[in-house]
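In: fold the following and give me the result.
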Amino acid sequence: MFGDLQRSRIIAYSAAFIGLIALGSWISLPIGNIPFTLQTLFVLLAGIVMHRYGAIPVLLYCILGVLGLPLFHNGMAGIGVLLGPTGGYLIGFIFAGLITGLAYEHTSRIIRICGIVCATLVIYLFGVAWLMLSLQLGFIAAVTTGMLPFIPGCAIKAAVAYIIGEHLT
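Out: Numbering: from 1, shown residues only. Presented below is the predicted three-dimensional model:
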């Protein structure tokens, strides 16, 4: 590892983004069973900054939270959070970090915007699917409670992530 600048950056950025995602989880507004948090912003930024390695801090964040560190929304921890109504969103975060990262390996603004949009949709896909399973909701009910109220906030977070990404790259 000595002298491997790329590996050192991945480790340092991973630590920073685990902290930022955890910080974003504390900034939450409860909307039914699913809180509105700033986690998504930092998940997207992890992909923007770390490219394909953007999934690493998100995966580690989930693992550390499951192992008992109070990293999830409102200081929650444990496997119960992953198995609860918000678990699908947390799993979706991992794929969102990867999708955004892969998009940001390209210089095309269209690909980058599409990457952010697709990453956000993947979070919703996992979240809504898990809501249907964990709370025994129908599709319409899951979309109504787990997606529609969050679209304006997610659009703002996605735009902010893109603007920050434009200044970083």
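
In: by mean pLDDT, point me to the weakest helix or strand of the chain.
Out: Across the helices and strands of the chain, mean pLDDT, DSSP states H and E gives its lowest value to strand 28-31, namely a mean of 82.

In: contacts for that one, please.
Out: By C-beta atoms under 8 Å, 6 or more residues apart in numbering, the surrounding residues in contact with strand 28-31 are 35-37, 73-74, 149-150. Just so you know, the C-beta spots here come from the backbone N, C-alpha and C atoms, and that holds for glycine as well.

In: how about a cut-off of 6 Å?
Out: The contact list for strand 28-31, computed with C-beta atoms under 6 Å, 6 or more residues apart in numbering, reads 35-37, 73, 149.

In: one more: stretch 70-90?
Out: By C-beta under 6 Å, 6+ apart, the residues outside stretch 70-90 that reach it are 22, 25, 28, 33-35, 37, 62, 64-66, 68-69, 123, 126-127, 129-131, 134-135.

In: ranges for the strands of the protein?
Out: Along the chain, the segments classed as strands by DSSP state E run 28-31, 34-37.

In: what residues sit buried inside the first one?
Out: Judged by neighbour count (16 or more other C-beta atoms under 10 Å), strand 28-31 contains these buried residues: residue 28.

In: quick one: strands adjacent to that strand?
Out: Strand 28-31 pairs in its sheet with strand 34-37 (antiparallel), by DSSP bridges.

In: now the partner strand: average pLDDT?
Out: Per-region confidence: strand 34-37 scores 86 on mean pLDDT.

In: from the chain's centre, how far out does that strand sit?
Out: 12 Å (C-alpha atoms, centre = their mean, to the nearest Å).

In: please apply the same query to stretch 53-72.
Out: Using C-alpha atoms, centre = their mean, the offset of stretch 53-72 from its chain centre is 11 Å.

In: quick check: end-to-end length of that stretch?
Out: This stretch, stretch 53-72, spans 21 Å end to end (C-alpha to C-alpha, to the nearest Å).

In: measure residue 29 to residue 16 for me?
Out: Distance, residue 29 to residue 16, using C-beta to C-beta, to the nearest Å: 25 Å.
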